[in-house]
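In: Show me the folded form of this:
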Amino acid sequence: MDQQALLAAIGFLDQDLNYPDIANAVIGEFDDNRRDIIRNNGDVPPRNENYFEETVPRYTMDDFYRHFRMQRQTFELLTLALGRQNNPQVHIIPFEKKVLLGIWLLAKPESFLAAGDRFGLAPSSAHAIYSQIVDGVMNLMDDVITWPNMQRATAIANFYKNYNFLLLFHQVFRERSNGMPGVIGAIDGCHIPIKQPEANPIDFYNRKGYNSIILQAVCDHEMKFTNITVGMPGRMHDSRVFRNSPLYRQMMNAAHPLISPENHLIGDSAYPLLGSLLTPFRNNGHLNAATVNYNTKLSKIRCIIERAFGLLKGKFRRLKYLDMSDELLINKTVAVCCILHNFILNNERLNEGELLEEEAAEEVPAEMMPNEREGNERGQHKRNYIVDLLVRV
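Out: Residues are numbered from 1 along each chain as shown. Now for the predicted structure:
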């Protein structure tokens, strides 16, 4: 179909309509249908034309949540947030339908063919819409994944320190004890399985025996991500991922430090000990009762990041295996899941039933780098001070 002919055919319509967008959408759908017909030897492929229009509106609250991993009210807020990015125009496909399709593809490990069939769309249309929604959610990152400011950092640190008082209000730390001061978040990395990249299969083949990229994240006491780095090859050690991340450069910036001296992150032994990042004592068989107590308390707090990864992967099952070839789209997909993870937690109560058991990471102790010597000394002093402090708690 010729675009100019189509534009002429609708030329009598209201001049405010966006003719090129309408024409391109119609032509695209026409071409998708034509390709499908050719592939199926002239038979029009069957599609579910009324899933969005008739089935979804009849879903109960539980049905909607089970399929789309969020409450209907949260979906409406998300649609509003994404809709503000779009110029007013005529949508051949309703915008709400596009958002639902995008969420569906993140929540379930379905092909674009299967998802497109459910929503009455060609696979190529489903892929184009998915990319559009992913880009839209990416634009929300700076508003949804935020580093705690001074006031927020103090509140988080006080939560960790005064755990018993706040237990009634935060069930995520039930049956865990701490008392460690100054903690504003926990850091760790997790593997996201991908199919073997054609260009560089070796670096992405991890020590666990499959291809992956690494998601490094920091989360707060509510399992909300405050910083993420996505896309490092799966073969990389956690400490190398950390040292190659923007977060590390910000933390090591002496002129404008990201974390105040009285605060710090906590991580496992795969991370370097710094004044702004506390790690456990290595178990060399000679730990005393005080250092064992410190390690135990740190471990009980640090596991919150593992639970955050479990919740992330429990909600967005596409992360179980990303069958994609576009490296940029792979990284965006992981980042978008993290953004939606926070968006949901900002608007709903935690659903612990969705947590997946996160695979235990291999903790290869990090070696100190020359530029970390001063930070390491501050970390040792701070850690020893906290060891003594916890003995008196």
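In: How are the strands of the stretch 251-393 of the chain distributed by residue range?
Out: 264-266, 277-278 (DSSP state E, counting those that start in this stretch).
In: Could you say which of the ones you listed is packed most deeply?
Out: strand 264-266 (a mean of 26; mean count of other C-beta atoms under 10 Å). Bear in mind the C-beta positions are built from the backbone N, C-alpha and C, glycine included.
In: Can you work out which other helices and strands pack against that one?
Out: Strand 264-266 is packed against strand 183-193, strand 277-278, helix 289-315, with contacts defined by 3 or more C-beta pairs under 8 Å, 6 or more residues apart in numbering; DSSP states H and E.
In: about what we covered before: Ile192: which of the strands of the stretch 251-393 of the chain is closest?
Out: Ile192 sits nearest to strand 264-266 of all the strands of the stretch 251-393 of the chain, at 21.5 Å, using C-beta to C-beta.
In: ok, the closest one: who's next to it in the sheet?
Out: According to DSSP bridges, strand 264-266 has the following sheet partners: strand 183-193 (parallel), strand 277-278 (parallel).
In: just to revisit the earlier point, determine which of the strands of the stretch 251-393 of the chain approaches Trp104 most closely.
Out: Taking the strands of the stretch 251-393 of the chain one by one with C-beta to C-beta, strand 264-266 is closest: 34.8 Å.
In: And the contacts of the closest one?
Out: 180, 182-187, 218, 259, 274-279, 298, 301-302, 382 (C-beta atoms under 8 Å, 6 or more residues apart in numbering).
In: Any chance of a ChimeraX selection covering the buried ones in those residues?
Out: Only the buried entries of the contacts of strand 264-266 go into this ChimeraX selection, using 16 or more other C-beta atoms under 10 Å:
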select :180,182,183,184,185,186,187,218,259,274,275,276,277,278,279,298,301,302,382
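In: Any chance of CSV for the helices and strands packed on strand 264-266, columns distance to Asn347 and mean pLDDT?
Out: Converted to CSV, these look like this (distance: least, C-beta to C-beta, whole Å; pLDDT from 0 to 100):
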stretch, distance to Asn347, mean pLDDT
strand 183-193, 21, 94
strand 277-278, 31, 94
helix 289-315, 14, 92
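In: These into CSV, with extra columns for distance to Lys224?
Out: Output for the helices and strands packed on strand 264-266, formatted as CSV (distance: least, C-beta to C-beta, whole Å):
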stretch, distance to Lys224
strand 183-193, 10
strand 277-278, 19
helix 289-315, 8
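In: Out of the strands of the stretch 251-393 of the chain, which gets nearest to Phe309?
Out: strand 264-266 (15.3 Å).
In: Once you drop chain neighbours, what's closest to Gly185?
Out: Nearest residue to Gly185, sequence neighbours excluded (C-beta to C-beta, 6 or more residues apart in numbering): Val218, at 4.4 Å.
In: isn't that neighbour right next to Phe242, touching?
Out: No - using C-beta atoms under 8 Å, Val218 is not in contact with Phe242; the gap is 10.4 Å.
In: ok, Ser276 - contacts?
Out: Met251, Pro257, Leu258, Ile259, Asn263, His264, Leu265, Gly375, Gly379.
In: Kindly provide the distance from the second one to Ala107.
Out: Just to be clear, that refers to Pro257. In this view, Pro257 and Ala107 are 39 Å apart by C-beta to C-beta, to the nearest Å.
In: of these two, who's got more company?
Out: Ala107 (19 against 14; other C-beta atoms under 10 Å).
In: which residues does the more buried one contact?
Out: His67, Phe68, Arg69, Lys315, Phe316, Arg317, Arg318.
In: still on that earlier bit, determine which of the helices and strands packed on strand 264-266 approaches Arg58 most closely.
Out: helix 289-315 (23.2 Å).
In: tell me what that closest one is packed against?
Out: Contacts defined by 3+ C-beta pairs under 8 Å, 6+ apart place helix 289-315 against strand 183-193, strand 212-219, strand 264-266, helix 327-347, helix 373-392.
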